[in-house]
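Engineer: dropping a prediction and its sequence here:
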2 protein chains.
Amino acid sequence: MNQSNTQIRMRRRPRGEVSVNDFEMVQTPLAALTDGEVLVRNEWLSLDPYMRLRMIAQRSYVPPLEPGDVMPGGTVGTVAASRDPVLPVGTKVVGRLRWETHSRTTSSALQQITHTDIPVSTALGVVGMPGVTAHYGLLELAQPQRGETVVVSAATGAVGSVVGQLAKAAGCHVVGIAGGPEKCRYATETLGFDDCIDYRADDFTRQLTKATPDRVDIQFENVGGRVMDAVLERLNDYARITVCGLISEYDENHRWPLTNTLQLLVNRVRLQGFIISEHPEYWPGALTDLAERVRQSQLIYSEDITQGLSNAPAAFIRMLKGGNFGKTLVHVADANS
Amino acid sequence: MNQSNTQIRMRRRPRGEVSVNDFEMVQTPLAALTDGEVLVRNEWLSLDPYMRLRMIAQRSYVPPLEPGDVMPGGTVGTVAASRDPVLPVGTKVVGRLRWETHSRTTSSALQQITHTDIPVSTALGVVGMPGVTAHYGLLELAQPQRGETVVVSAATGAVGSVVGQLAKAAGCHVVGIAGGPEKCRYATETLGFDDCIDYRADDFTRQLTKATPDRVDIQFENVGGRVMDAVLERLNDYARITVCGLISEYDENHRWPLTNTLQLLVNRVRLQGFIISEHPEYWPGALTDLAERVRQSQLIYSEDITQGLSNAPAAFIRMLKGGNFGKTLVHVADANS
C-alpha cells in the first residue's frame, strides 16, 4: 500500500479574518497500519464553524491548533484497509478525523453508518453532529413547551435549520434570523418557520419585535454579537438561552459587545453553553430520532457542496461569512473510485 | 387612632443617576384598620440595590414604580394596632412594606420574628432577604464543591459578605471584589476571604488573574459591567454564574457592555438569573441555617446605619455609589418610643 495522502493543514494562525493563505495543502506518504488501525478513504468532509474557534490561541475545551497541524473535521468514508476485525474493508463510517483524503485511525474515532435508506452525507449534517447539537441544545437544554416562542440565529445553517424544525414539531412559534431574503424565504417557505428576519435589514430590531409579540422564551444562539444582543432585549420571563455557537466572536481581536445583560436578571434567564462531543450518551437516541424524522420528511435539509479537498479552505471561509446555504460539505472523492 | 404617617415617595423617574430630588417626603393621615389588617410601626428600613431597578421604566418581574408611588422596602417593626388575631399588638414582624413610618398591611406581607437572641435588624440582612439571596444563589444555584474558586463582587455588601463566608464554609477558595482598600481589608481580615481585589486599582485585572490561579468556578455577580467582564475572562470549564444583581446597569441610558461572551461557550457555562422572592419554599430552611451560623459566629455581619427616615434617599444614593459599608439600614424609630 503505497498510496499518498493529501492533507490540509493550518499553515499559520489567522490574524483577524481567515485567509486561504492560512492553510497549506501537503502530500504525505501513508505508512503501513499497525494492529487495531484502519485506513479510511474519505468521501465527504464536513465544514463547521467550531473549526474557526480551534484556530485561535484561545483557551478552550481542547488545546488550540498549532501551525502545521492538520485541520480537524468530521468525514464520511469507507474502510480501505483494516487491521481491526470489527471494521472490515468496505465498512461505511463517519469519523472525527481531519481535512485529508485518507485517515489512519482506530475504532474510537469512528462510528459505523448503519442507515442505508438515506444519503450517507447526512451523517455529517442532519443525522450527524449538527443534528445532534440541535436536538440536545433545544430539547434537552432549553426544553421547549407548546406555545412558546423560539428564536434561532443562523437559521438556515446545519444546526439552525434542525432547531427550527424540531421547535415547530414541539408546537412552538419559531422565528429564524438569517442573512438575506433568499435564506429567509427558505426558512419560512421550505422549513416551515413562522417567520424569519434578515439581520442585515435596516429595521432588523423593529422586525424582530414585530415577529415576537409574546416575546422570546428560547434563544438558540449560534452567532453572538449584535444579533444576540437584539434577541436579549426581547426575552421573556424564565427564558432559556442555549449558547451553541458564537461565530461573530471567532476572529481574534474582534469582539462584539453585549449591552442588554440586564435582561438576564430581570427575566431570570437560564443560559447554558455546551459542546456536543461531551455528551456521548445522548447521541444514539438522538441519531435514531433524527433519522426517523428525515425518513418521514419531518426534517428537511439542504447541502452546500464544494468539489475537491483543495477547495475546502475557500468553502470554509465562505461559510464563515454566511455565504453557504445549508450544511457545508466538501466532496473529497466518489464512493467507489 | 389619629396618627400621621410619614412616607417617602418617588417624585419623578430618575434621569441617569438618582438624585435626592427624585424623592419627596409626604405626611398622610392613617385611616382606620379594616378586618384582617394590622398597623406596623416601622423601626428599621432596609435599603437594597433592587429598589433602583424598580425606579426605571424597564419591563421586569414587577411593574416599575410610577411617580407618586411610595418607595418599596423591607422593614422591621412592631404591630401597633391589629384587627388580625394572629398578629396581636406587640408582635415583632419583618415585612415587605414601604419607606414609611407606619404601614397598614395584612399578614401576607409579614413574617413574625421568632429569634430573640440576635438583633432584630438582622431580619433585614444576614438573617433576612439578603442572607437568603446569598444562600440560594450560592448553595442552591451554583452548588459549590470543595476546592473550587468562588469570586463574588460587591464582596462586603449585605449579599456578597454572606456569599463569601458560606463559600469558605463549603471549602472553597474565595476571592472578593470590592471598592477600596478598606473594604478589601475587611473582606480578608474580618470575613475570612482568601483574597479581595479593589476594582478601582489600575492593575485590577492583573490582580484578579493572580488571585485566581485555578481560574473561577463560580461567579456570583452583583455588579455587572466591566467587573463582570473581567471575571468572565477567568472562568473555568463548567463554571456557574449566578446573576443576583447588576447594579452597574440600573441607571437608564447607561449600559456597560460585556465583551467576553465567548467564555460562556468555551467554558460550557451555566448562568442563572434569579429573584429570591420567587422561591418562598426556600426561605424557612435558609433562615434557620443563617440564624444558627450567626449564633455560632460563623457568619460575621456589619451594618451601615443612617438615622431617620428623612435621610433614607441620601443613604440610598450613597449605597448605590458603593459608599456603604455592610448592610444599609435606616433607623426609623426606636422599638419602644
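Structural biologist: On my side now, so go ahead. Everything numeric in this text was worked out from a predicted model, so none of it was measured. Numbering: from 1, shown residues only, chains lettered A, B, ... in the order given.

Engineer: give me the nearest residue to A:Met129, chain neighbours excluded.
Structural biologist: Excluding the flanking residues, the one nearest A:Met129 by C-beta to C-beta, 6 or more residues apart in numbering or on different chains is A:Gly74, at 5.8 Å. For the C-beta atoms, the positions are set from N, CA and C on the backbone; glycine is no exception.

Engineer: next one: the helix or strand hosting A:Val94 to chain centre, how far?
Structural biologist: A:Val94 is part of strand A:92-98, with elements assigned from DSSP states H and E. When distances are taken as C-alpha atoms, centre = their mean, to the nearest Å, strand A:92-98 is centred 15 Å away from the chain's centroid.

Engineer: cool, and stretch A:321-337?
Structural biologist: With C-alpha atoms, centre = their mean, you get 13 Å for stretch A:321-337.

Engineer: quick check: the residue nearest to A:Met129 vs A:Lys92, distance?
Structural biologist: 14 Å (C-beta to C-beta, to the nearest Å).

Engineer: one more: A:Tyr61?
Structural biologist: Using C-beta to C-beta, which is the criterion applied here, A:Tyr61 is 29 Å from A:Lys92.

Engineer: where does the residue of the stretch 51-200 of chain A found nearest chain B land on pLDDT?
Structural biologist: Residue nearest to chain B within the stretch 51-200 of chain A (C-beta to the nearest C-beta): A:Ser60, separated by 4.1 Å. With respect to pLDDT, A:Ser60 scores 87.

Engineer: count of neighbours near it?
Structural biologist: Using other C-beta atoms under 10 Å in any protein chain shown, A:Ser60 has 18 other residues around it.

Engineer: and for A:Asp202?
Structural biologist: 8.

Engineer: tell me who's in contact with the residue nearest to A:Met129.
Structural biologist: A:45-46, A:48, A:94-97, A:124, A:128-129 (C-beta atoms under 8 Å, 6 or more residues apart in numbering or on different chains).

Engineer: try A:Val159
Structural biologist: A:130, A:133-134, A:137, A:222, A:244-245.

Engineer: how about A:Pro67?
Structural biologist: Counting by C-beta under 8 Å, 6+ apart, A:Pro67 touches A:10-13.

Engineer: neighbours of the residue nearest to A:Tyr301 when sequence neighbours are not counted, how many?
Structural biologist: Of all residues not flanking A:Tyr301 in the chain, A:Val126 sits nearest, at 4.1 Å (C-beta to C-beta, 6+ apart). By other C-beta under 10 Å, 29 other residues sit near A:Val126.

Engineer: ok, A:Ile177 next?
Structural biologist: Neighbours of A:Ile177 (other C-beta under 10 Å): 31.

Engineer: show me what it is bridged to.
Structural biologist: A:Ser153, A:Ile197 (DSSP bridges).

Engineer: isn't it up against A:Ala155?
Structural biologist: Yes: using C-beta atoms under 8 Å, A:Ile177 is in contact with A:Ala155, at 5.7 Å.

Engineer: residues shared between the contacts of these two?
Structural biologist: With C-beta under 8 Å, 6+ apart, A:Ile177 and A:Ala155 have common neighbours A:Cys196.

Engineer: check contacts around the residue nearest to A:Tyr301.
Structural biologist: Counted by C-beta under 8 Å, 6+ apart, A:Val126 has contacts A:158, A:161-162, A:290, A:294, A:299, A:301, A:327.

Engineer: A:Arg96 now?
Structural biologist: A:72, A:74, A:109, A:277 are the contacts of A:Arg96 under C-beta under 8 Å, 6+ apart.

Engineer: how about 6 Å then?
Structural biologist: Applying C-beta atoms under 6 Å, 6 or more residues apart in numbering or on different chains to A:Arg96 gives the contacts A:Ala109.

Engineer: ok, now A:Gly157?
Structural biologist: Contacts of A:Gly157 (C-beta under 6 Å, 6+ apart): none.

Engineer: assign it to helix, strand or coil.
Structural biologist: Of the three states, A:Gly157 takes coil according to DSSP: H, G, I helix; E, B strand; the rest coil.

Engineer: same deal with the one 5 residues further on?
Structural biologist: The three-state label for A:Val162, taken from three-state DSSP, comes out as helix.

Engineer: and A:Gln165, how far is that from A:Leu191?
Structural biologist: With C-beta to C-beta as the criterion, A:Gln165 and A:Leu191 are 6 Å apart.

Engineer: ok, A:Arg255 next?
Structural biologist: 31 Å.

Engineer: between those two, which has more neighbouring residues?
Structural biologist: Neighbour totals were compared for A:Arg255 and A:Leu191, and A:Leu191 leads with 22 against 18 (other C-beta under 10 Å).

Engineer: count of residues packed around the residue of the stretch 101-250 of chain A found nearest chain B?
Structural biologist: Closest approach of the stretch 101-250 of chain A to chain B (C-beta to the nearest C-beta) occurs at A:Glu249, with a separation of 4.4 Å. Per other C-beta under 10 Å, the neighbour tally for A:Glu249 reads 26.

Engineer: could I get the phi/psi values of it?
Structural biologist: phi -100, psi 10 (degrees, to the nearest 10).

Engineer: quick one: pLDDT of it?
Structural biologist: We note a pLDDT of 90 for A:Glu249 in this prediction.

Engineer: what do you get for A:Gly147?
Structural biologist: 98.

Engineer: now it. Nearest residue, chain neighbours left out?
Structural biologist: Closest to A:Gly147 by C-beta to C-beta, 6+ apart is A:Gly171, at 6.4 Å.

Engineer: quick check, that neighbour in contact with A:Arg146.
Structural biologist: Yes: the pair A:Gly171 / A:Arg146 is scored as a contact, 3.5 Å apart, by C-beta atoms under 6 Å.

Engineer: can you list the residues of chain A near chain B?
Structural biologist: A:60, A:224, A:243, A:246, A:249, A:255, A:257-259, A:261-262, A:264-266, A:268-275 (C-beta under 6 Å from any C-beta of the partner chain).

Engineer: ChimeraX command for the buried members of these?
Structural biologist: Here is the ChimeraX command that selects the buried residues among the residues of chain A next to chain B (16 or more other C-beta atoms under 10 Å in any protein chain shown):
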select /A:60,224,243,246,249,255,257,258,261,262,264,265,266,268,269,270,271,272,273,274,275
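
Engineer: among the residues of chain A next to chain B, which lie within helices?
Structural biologist: When DSSP state H is applied, those are split such that A:262, A:264-266 fall in helices.

Engineer: low-confidence stretches in the stretch 201-337 of chain A?
Structural biologist: A:253, A:337 (pLDDT under 70).

Engineer: tell me how far A:Leu39 lies from B:Thr261.
Structural biologist: Distance from A:Leu39 to B:Thr261, by C-beta to C-beta: 41 Å.

Engineer: who are the neighbours in contact with the residue of chain A found nearest chain B?
Structural biologist: Chain B sits closest to A:Pro257 of chain A, with a gap of 3.2 Å, by C-beta to the nearest C-beta. Going by C-beta under 6 Å, 6+ apart, A:Pro257 touches B:257, B:259.

Engineer: now do the phi/psi pair for it.
Structural biologist: According to degrees, to the nearest 10, A:Pro257 has phi -70, psi 150.

Engineer: helices of chain A, start to end?
Structural biologist: Going by DSSP H, chain A shows helices at A:50-55, A:129-135, A:160-169, A:181-185, A:204-211, A:225-232, A:262-266, A:283-295, A:312-320.

Engineer: since we're on A:Arg12, how many residues are nearby?
Structural biologist: A:Arg12, neighbours per other C-beta under 10 Å, totals 14.

Engineer: same question, the one 5 residues further on
Structural biologist: Using other C-beta under 10 Å, A:Glu17 has 14 other residues around it.
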